[in-house]
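A.B. asks: okay, structure incoming, though there's no sequence with it:
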């Protein structure tokens with residue numbers, strides 16, 4: 001009989017014995033800190049309804065595009081993984097069969113962060129003692145399914161079990177916010193927060209743009225017949241999000257351009273969009289202009305502006321048509337920030353009420369553009385590695401590329417950016433281990449003292465995300481990013 005599957009206590013820590021010993025000490029200071037998850041995509045309905053996750057396939061496989069994209073690359077199909085149907089292939093309805101396909105492909109995740117997150121969840125949360133494979137699939141399924149069926153295995157209870165102090169959902173600009181109102185009534189209003197995501201409304205050449213405008217108008221009970229109406233309703237919706245507890249907006253444009261237009265040109269393009277005659281060039285100019293307008297509104301109302309450009313969405317047209325967005329076919333592209341962000345930073349980079357966090361999936365810009373920008377503009381913080389860069393080596397490269405110019409204080413802390421709820425603690429744990437290793441190396445090289453490394457690790461894991469995502473009211477009261485002490 002093979003040995004039970006266990007996780008090594010030093011996983012993801014440096015291999016060098018001297019540095020590893022120091023990393024252990026640094027990691028011990030952060031491993032039990034509460035999780036501040038301010039950039040996630042877990043559905044708010046999970047918390048408002050607080051019902052069962054269903055089955056192992058629904059919890060782990062179907063919603064996780066990190067997982068499904070790897071299996072698709074090895075010959076599986078999205079219908080066979082339960083994601084949806086096509087004309088040629090019906091969706092697999094049997095969750096156990098979906099699970100078997102996942103376990104049979106376990107070897108494909110070797111060396112990936114997905115492997116780390118899944119291992120953490122299986123062993124730490126579900127007590128699994130067998131490594132996934134075709135042979136062990138059914139036994140693991142039964143064990144995970146039994147845990148899911150427990151009355152206590154519900155989203156709200158897991159907030160405590162996972163030590164999540166606060167988690168933000170991502171919500172359309174027209175979202176009714178009824179689920180968040182229900183959570184507030186039940187005492188979770190300060191713990192599960194909405195995030196304002198207006199992307200579809202800022203790209204007037206998208207096929208769904210008119211429908212999105214209609215939904216926006218309906219959500220605010222205000223007709224949108226002009227550019228002025230459009231801005232008024234966006235401001236009103238932002239106010240409603242703030243009242244519901246929102247601390248941030250979220251923007252995922254292809255480019256980072258923030259060049260403003262004069263009011264007349266913006267009005268002309270908006271009218272052309274309503275008439276259905278807008279050109280691609282006009283739409284691109286308008287989307288950059290609207291990023292500038294979103295920054296101006298953030299300077300007014302205090303919502304943190306999160307910007308993560310540089311991803312070519314829905315690269316494969318057929319899967320997008322069949323299954324919709326966020327199915328694993330989003331691919332990073334080269335991204336430019338220094339010129340693109342200049343209009344916004346020139347206007348608001350020193351504004352006491354404006355706060356921006358910039359993310360990227362283009363590693364080349366860390367040391368060349370983003371770290372120098374974050375290292376001088378008070379309003380800008382550098383977002384953590386996310387998506388394709390939330391892997392151990394990529395996170396280490398980020399620290400090495402950005403820290404020497406931006407320092408640690410101009411970072412925003414880790415974000416998990418996930419729809420897979422059980423991976424939230426795993427992702428934060430991996431980030432804390434990687435940071436402990438990096439800081440331990442600085443100690444071993446006599447560039448930091450151990451107490452400084454430990455304090456910095458706590459900042460990165462807990463204090464900095466608190467400070468970067470202050471509520472508009474708190475930010476207005478402080479006018480600074482003074483770090484809060486860790487509660488005993």
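C.D. replies: Happy to help now that I have it. None of these values were measured; they are calculated from a predicted model.

A.B. asks: find the centremost residue of the chain, please.
C.D. replies: Nearest to the mean C-alpha position of the chain, by Cα atoms, centre = their mean, lies residue 417 at 2.2 Å.

A.B. asks: neighbours around the spatially closest residue to it that is not a sequence neighbour, how many?
C.D. replies: Nearest non-adjacent residue to residue 417, counting by Cβ to Cβ, 6 or more residues apart in numbering: residue 386, 4.6 Å away. From N, CA and C alone the C-beta is placed, and that goes for glycine too. Neighbours of residue 386 under the rule other Cβ atoms under 10 Å: 20.

A.B. asks: what residues are up against residue 386?
C.D. replies: 39, 308, 359, 361, 415, 417 (Cβ atoms under 8 Å, 6 or more residues apart in numbering).

A.B. asks: quick one, phi psi at the residue nearest to the centre of the chain?
C.D. replies: Here is the backbone geometry of residue 417 (degrees, to the nearest 10): phi 50, psi 50.

A.B. asks: okay, now residue 302: neighbour count?
C.D. replies: Neighbours around residue 302, by other Cβ under 10 Å: 20.

A.B. asks: which stretches of the chain have low pLDDT?
C.D. replies: The chain contains residues with pLDDT under 70 at 1-2, 478-488.

A.B. asks: which segments of it make up each domain?
C.D. replies: 17-51+154-478, 52-151 (automatic domain parsing).

A.B. asks: so for the last one, first residue to last residue, what's the gap.
C.D. replies: Taking Cα to Cα, to the nearest Å, domain 52-151 runs 8 Å from one end to the other.

A.B. asks: mind listing the strands for the stretch 351-488 of the chain?
C.D. replies: All strands of the stretch 351-488 of the chain, identified by DSSP state E, counting those that start in this stretch, fall at 356-358, 380-382.

A.B. asks: would a markdown table of these with mean neighbour count and distance to residue 408 be doable?
C.D. replies: Converted to a markdown table, these look like this (neighbours: other Cβ atoms under 10 Å; distance: least, Cβ to Cβ, whole Å):
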| stretch | mean neighbour count | distance to residue 408 |
| --- | --- | --- |
| strand 356-358 | 26 | 15 |
| strand 380-382 | 26 | 10 |
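
A.B. asks: out of those, nearest to residue 26?
C.D. replies: strand 380-382 (20.9 Å; Cβ to Cβ).

A.B. asks: just give the closest residue to residue 62, not the sequence neighbours.
C.D. replies: Of all residues not flanking residue 62 in the chain, residue 82 sits nearest, at 4.6 Å (Cβ to Cβ, 6+ apart).

A.B. asks: what of residue 259?
C.D. replies: residue 288 (4.9 Å).

A.B. asks: kindly report the same for residue 415.
C.D. replies: Residue 415 sits nearest to residue 39 (Cβ to Cβ, 6+ apart), 3.6 Å away.

A.B. asks: tell me the SS of the one you found?
C.D. replies: coil (DSSP: H, G, I helix; E, B strand; the rest coil).

A.B. asks: hang on, the earlier thing: quick check: the residue nearest to the centre of the chain touching residue 41?
C.D. replies: Yes: using Cβ atoms under 8 Å, residue 417 makes contact with residue 41 at a distance of 6.9 Å.

A.B. asks: so which strand or helix has the residue nearest to residue 259?
C.D. replies: helix 280-301 (DSSP states H and E).

A.B. asks: can you list the buried residues in that helix?
C.D. replies: Judged by neighbour count (16 or more other Cβ atoms under 10 Å), helix 280-301 contains these buried residues: 282-299, 301.

A.B. asks: show me where the stretch 151-300 of the chain has helices.
C.D. replies: 155-161, 178-185, 209-220, 227-243, 263-275, 280-301 (DSSP state H, counting those that start in this stretch).

A.B. asks: so how far is the fourth one off the chain centroid?
C.D. replies: Put simply, helix 227-243 sits 24 Å off its chain's centre (Cα atoms, centre = their mean, to the nearest Å).

A.B. asks: what does the shortest one give?
C.D. replies: Relative to its chain's centre, helix 155-161 lies at 19 Å (Cα atoms, centre = their mean).

A.B. asks: tell me which other helices or strands that helix touches.
C.D. replies: Applying 3 or more Cβ pairs under 8 Å, 6 or more residues apart in numbering; DSSP states H and E, we find helix 155-161 packed against helix 44-49.

A.B. asks: which SSE is immediately downstream of the helix it packs on?
C.D. replies: Taking DSSP H and E, what comes next after helix 44-49 is helix 56.

A.B. asks: ok, and what's touching that next one?
C.D. replies: Residues contacting helix 56 (Cβ under 8 Å, 6+ apart): 95, 99, 140-141, 144-145, 148.

A.B. asks: okay, and which of those map to strands?
C.D. replies: Judged by DSSP state E, strands contain none of the contacts of helix 56.

A.B. asks: in helices only, show me those.
C.D. replies: 95, 99, 140-141, 144-145, 148 (DSSP state H).

A.B. asks: between those residues, which is nearest residue 408?
C.D. replies: Among these, and counting by Cβ to Cβ, the member closest to residue 408 is residue 144, at 38.2 Å.

A.B. asks: can you give me every residue that contacts the closest one?
C.D. replies: 56, 59-60, 122, 126, 128.

A.B. asks: same thing but at 10 Å, please
C.D. replies: 53, 55-57, 59-60, 99, 121-122, 125-128, 422 (Cβ atoms under 10 Å, 6 or more residues apart in numbering).

A.B. asks: now the buried members of these.
C.D. replies: Using 16+ other Cβ under 10 Å, the buried ones in those are 53, 55-57, 59-60, 99, 121-122, 125-126, 128, 422.

A.B. asks: including distance to residue 66, could these go into CSV?
C.D. replies: Shown next, in CSV, are the buried ones among the contacts of residue 144 (distance: Cβ to Cβ, whole Å):
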residue, distance to residue 66
53, 18
55, 19
56, 16
57, 15
59, 14
60, 11
99, 17
121, 13
122, 15
125, 17
126, 19
128, 19
422, 13
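
A.B. asks: picking that back up, using JSON lines, lay out the strands of the stretch 351-488 of the chain together with distance to residue 227.
C.D. replies: Converted to JSON lines, the strands of the stretch 351-488 of the chain look like this (distance: least, Cβ to Cβ, whole Å):
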{"stretch": "strand 356-358", "distance to residue 227": "24"}
{"stretch": "strand 380-382", "distance to residue 227": "28"}
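
A.B. asks: closest to residue 90 out of those?
C.D. replies: strand 356-358 (42.3 Å).

A.B. asks: after that closest one, heading C-terminal, what element do we hit next?
C.D. replies: Next element after strand 356-358 (DSSP H and E): helix 365.

A.B. asks: show me what that following helix packs onto, helices and strands only.
C.D. replies: On a contact count with 3 or more Cβ pairs under 10 Å, 6 or more residues apart in numbering; DSSP states H and E, helix 365 meets helix 371-374.

A.B. asks: what lies in contact with the helix it packs on?
C.D. replies: 337-338, 341-342, 345, 349, 356-358, 365-366, 380-383, 398, 401-407, 409-412.

A.B. asks: before we move on, the earlier item: tell me which of the helices of the stretch 151-300 of the chain is the most buried.
C.D. replies: With neighbours defined as mean count of other Cβ atoms under 10 Å, the helices of the stretch 151-300 of the chain peak in mean count at helix 280-301, which reaches a mean of 20.

A.B. asks: and it with helix 263-275, angle?
C.D. replies: Here helix 280-301 points in a direction 120 degrees away from that of helix 263-275 (axes from the mean of the first three to the mean of the last three Cα atoms, to 10 degrees).
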